[in-house]
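*Asks:* Attaching a predicted model along with its sequence, questions to come.
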Amino acid sequence: QVQLVESGGGLVQPGGSLRLSCEASGFTFSNYAMSWYRQAPGKEREQVALLSSTGVNWNLADSVKGRFTISRNNAKNTVYLQMNSLLPEDTAVYYCHVAIGGRHYWGQGTQVTVSS
């Protein structure tokens, strides 16, 4: 079965950095685009970053452009989200996502808190 396991969240001061990882299993990872979403308290879940199966094409939300980078290692079945210059408004639970055959799969989420 499809499994997505996120790691790397935590508490960081404004201006700091974190790298999230999502290890995937149960499907042919290199065939699918991967995404990161986030959900802040009281807000809807929003897509933060999307990366094509080959890693050549990507899209970032306007709110994170210039600060976040999405990448993947298909040999390790892992997608990453490098987050720099973090802001308090980046505080959220971050989720890894893949869509396969019209079904949506999510990880359990990892908490990112940006606070001094």
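*Replies:* Looks like it arrived, so ask away. Residues are numbered from 1 along each chain as shown.
*Asks:* going forward, measure contacts between C-alpha atoms and count neighbours the same way
*Replies:* Fine.
*Asks:* all strands of this protein, in order?
*Replies:* 3-7, 10-12, 18-25, 34-39, 46-51, 58-60, 68-73, 78-83, 92-100, 103-106, 110-114 (DSSP state E).
*Asks:* Report the beta-bridge partner residues of residue 60.
*Replies:* residue 49 (DSSP bridges).
*Asks:* shift numbering so it begins at 21
*Replies:* Will do, 21 is the new start, and the previous item becomes residue 80.
*Asks:* wait, what's in contact with the residue nearest the centre of the chain?
*Replies:* The centroid of the chain falls nearest to residue 56 when counting by CA atoms, centre = their mean (2.9 Å). Residues near residue 56 by CA atoms under 8 Å, 6 or more residues apart in numbering: 67-70, 101, 114-117.
*Asks:* do residue 79 as well
*Replies:* 69-71.
*Asks:* What is the neighbour count of residue 25?
*Replies:* For residue 25, the count of nearby residues is 17 (other CA atoms under 10 Å).
*Asks:* Surely it touches residue 97?
*Replies:* No. Counting by CA atoms under 8 Å, residue 25 sits too far from residue 97 to count as a contact (10.9 Å).
*Asks:* looking at the strands of the chain, which one has the lowest mean pLDDT?
*Replies:* Sorting the strands of the chain by mean pLDDT places strand 78-80 lowest, at a mean of 94.
*Asks:* and that one, how far from the chain's centre?
*Replies:* 11 Å (CA atoms, centre = their mean, to the nearest Å).
*Asks:* cool, stretch 38-45 as well?
*Replies:* 7 Å.
*Asks:* What are the buried residues along that stretch?
*Replies:* Buried residues in stretch 38-45, counted by 16 or more other CA atoms under 10 Å: 38-44.
*Asks:* Identify the residues contacting the nearest residue in space to residue 131 that is not next to it in sequence.
*Replies:* Residue nearest to residue 131 in three dimensions, not counting chain neighbours: residue 113, with 4.4 Å by CA to CA, 6 or more residues apart in numbering. Listed by CA under 8 Å, 6+ apart, the contact set of residue 113 reads 58-60, 129-132.
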